[in-house]
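Colleague: need a structure here:
(one chain, ligands or ions: 1)
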Amino acid sequence: MTYEIPAHHPNCFGCGTENPSSMGLQMHIEDRRVLGTIRFASHHEGGPGLAHGGAVAAVFDDVLGAVPSALHLPAVTASLTVEFRAPAVLGDDLEVEAHLERREGRKLYTRATMHRGTALLAEAHALFIVVDLAHFRRTGQPLPEAWSHWDDTPRS
Ligand SMILES: CCCCC/C=C\C/C=C\C/C=C\C/C=C\CCCC(=O)SCCNC(=O)CCNC(=O)[C@H](O)C(C)(C)COP(=O)(O)OP(=O)(O)OC[C@H]1O[C@@H](n2cnc3c(N)ncnc32)[C@H](O)[C@@H]1OP(=O)(O)O
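Modeller: The predicted model follows:
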């Protein structure tokens, strides 16, 4: 089964459609995996013609963050590790993939890769911690309508 993942928040830096600084990540879910596409532009530049490592990490944070989202679990990144295997060239069409490796209570262990065709550019693993929605309500900002059906069980 395949379905698109709408931006979890329209102003998201990773995938938001209303944020002019958004990375423009587009994602969908296929067979319990999150698949996405990204094309780095000049405002993501680190070395000449190459994506900044932090931009690569931001893409991973977002695509990995969509894994709990697909499970309707509010969760935040506790740790994120990126292994940079080969440079990501600006303008190239890249594919990312993320999935849940295992769950231990509130801890979600996730993994992801970034490829250009068959070439592995980077891989990542991250620990997400399931939180209650109060985590996001603290700022006083309204929560996106799309989150209304999410699991709001208190976690602490
Ligand atoms: C930017 C906002 C994004 C909002 C996304 C929201 C929902 C997702 C929705 C859709 C997703 C769609 C797309 C993806 C979108 C975005 C993804 C971006 C996600 C982010 O970019 S989000 C921003 C960066 N992120 C933070 O801003 C977190 C700051 N932080 C905290 O808010 C707390 O730190 C918290 C809640 C993490 C834990 O706090 P806590 O009090 O609830 O729980 P506690 O500390 O007890 O930890 C419980 C157990 O986890 C273990 N543990 C904790 N941290 C660990 C670590 N680093 N390494 C190893 N183990 C760790 C403990 O050791 C304990 O283990 P044990 O139970 O075994 O003792």
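Colleague: where in the protein is pLDDT low?
Modeller: For the chain, the stretches flagged by pLDDT under 70 are 1-4, 6-7, 156.
Colleague: can you show me the strands along it?
Modeller: With DSSP state E, the ranges of strands along the chain come out as 2-5, 26-30, 33-38, 75-84, 94-104, 107-116, 119-130.
Colleague: export those to TSV and tack on mean neighbour count?
Modeller: From N, CA and C alone the C-beta is placed, and that goes for glycine too. Below are those laid out as TSV (neighbours: other Cβ atoms under 10 Å):
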stretch	mean neighbour count
strand 2-5	11
strand 26-30	16
strand 33-38	20
strand 75-84	14
strand 94-104	16
strand 107-116	19
strand 119-130	19
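Colleague: CSV for those, including distance to Ala57?
Modeller: Shown next, in CSV, are the strands of the chain (distance: least, Cβ to Cβ, whole Å):
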stretch, distance to Ala57
strand 2-5, 20
strand 26-30, 16
strand 33-38, 12
strand 75-84, 5
strand 94-104, 12
strand 107-116, 10
strand 119-130, 7
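Colleague: how about these in CSV, adding distance to the ligand?
Modeller: Below are the strands of the chain laid out as CSV (distance: least, Cβ to the nearest ligand atom, whole Å):
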stretch, distance to the ligand
strand 2-5, 7
strand 26-30, 8
strand 33-38, 8
strand 75-84, 4
strand 94-104, 8
strand 107-116, 6
strand 119-130, 4
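Colleague: quick one: contacts for the closest residue to Ala86 other than its chain neighbours?
Modeller: Using Cβ to Cβ, 6 or more residues apart in numbering and skipping residues adjacent in sequence, the residue nearest Ala86 is Leu121, 4.9 Å away. By Cβ atoms under 8 Å, 6 or more residues apart in numbering, the residues touching Leu121 are Val56, Phe84, Arg85, Ala86, Pro87, Ala88, Leu94, Met114, His115.
Colleague: perfect, that will be all.
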